[in-house]
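Asks: Structure for the following, please:
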Amino acid sequence: MNNSTQRNIKRLSVATLILGGLTLAYIYWEMFAQLWVDSYIYPLTWNPDIRGWQIFILSARFVGATLLFILCCIFLRRTNQGIETGDIFPKSNIALIRWSALVAALLTFVRSNYDAVVSGESALMLDSNTFLVPLIVLLFAGLYKMAYLAAKDSKLAI
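Replies: I've put the predicted structure just below:
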């Protein structure tokens, strides 16, 4: 792989991390404002009947977004290290993408219930994205595995 392609992949990785970090910071700020700032546009309304559900959804959003960002950082680090060593598709990224599918399922489930939880409503919603997004991520994991196997076969043929 030529140097300009490597530089472009590194630049794209840095841009992805910056945008992901800004998104994560926004999620943290929004949750902090909803919990502790009374004059926020959409403040959190605590409902004593579903307090446990509200805590679960809020904490799952916080942990899920953080975990997805960490998985993204690990993926990009492994990819860039692999490119430097000549391994375009590191095998360890396959499992990482599969774990990301699980976290994506959690986050889409939380996203579909988040507005109801913030307004204090007792509602459980299951959106089609809860199933569709993880399936798409798993599809990419399968494609990544096929690319890994093709690159491995290519090295053996040479």
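Asks: helix or strand right after the helix or strand where Thr5 lies?
Replies: Element membership of Thr5, judged by DSSP states H and E, is helix 3-36. With elements assigned by DSSP H and E, the helix or strand that comes after helix 3-36 is helix 51-85.
Asks: which strands and helices sit next to that next one?
Replies: With contacts defined as 3 or more Cβ pairs under 8 Å, 6 or more residues apart in numbering; DSSP states H and E, the packing partners of helix 51-85 are helix 3-36, helix 92-118. (C-beta placed from N, C-alpha, C; glycine too.)
Asks: dump the residue contacts of Leu71.
Replies: 96, 99-100, 103 (Cβ atoms under 8 Å, 6 or more residues apart in numbering).
Asks: Tell me the buried residues within those.
Replies: Among the contacts of Leu71, the ones that count as buried by 16 or more other Cβ atoms under 10 Å are 96, 100, 103.
Asks: Which one of the residues you listed is nearest to Val37?
Replies: Nearest to Val37, judged by Cβ to Cβ, of the buried ones among the contacts of Leu71 is Val103 at 27.7 Å.
Asks: ok, that closest one - contacts?
Replies: 64, 67-68, 71.
Asks: Can you pull up the most central residue in this protein?
Replies: Taking Cα atoms, centre = their mean, the centroid of the chain lies closest to Leu68, which sits 3.3 Å from it.
Asks: Tell me the pLDDT of the residue nearest to it when sequence neighbours are not counted.
Replies: Of all residues not flanking Leu68 in the chain, Val103 sits nearest, at 4.9 Å (Cβ to Cβ, 6 or more residues apart in numbering). Val103 is assigned a predicted lDDT (pLDDT) of 97.
Asks: Over to the one 4 residues further on?
Replies: Per-residue confidence for Leu107 comes out at a pLDDT of 96.
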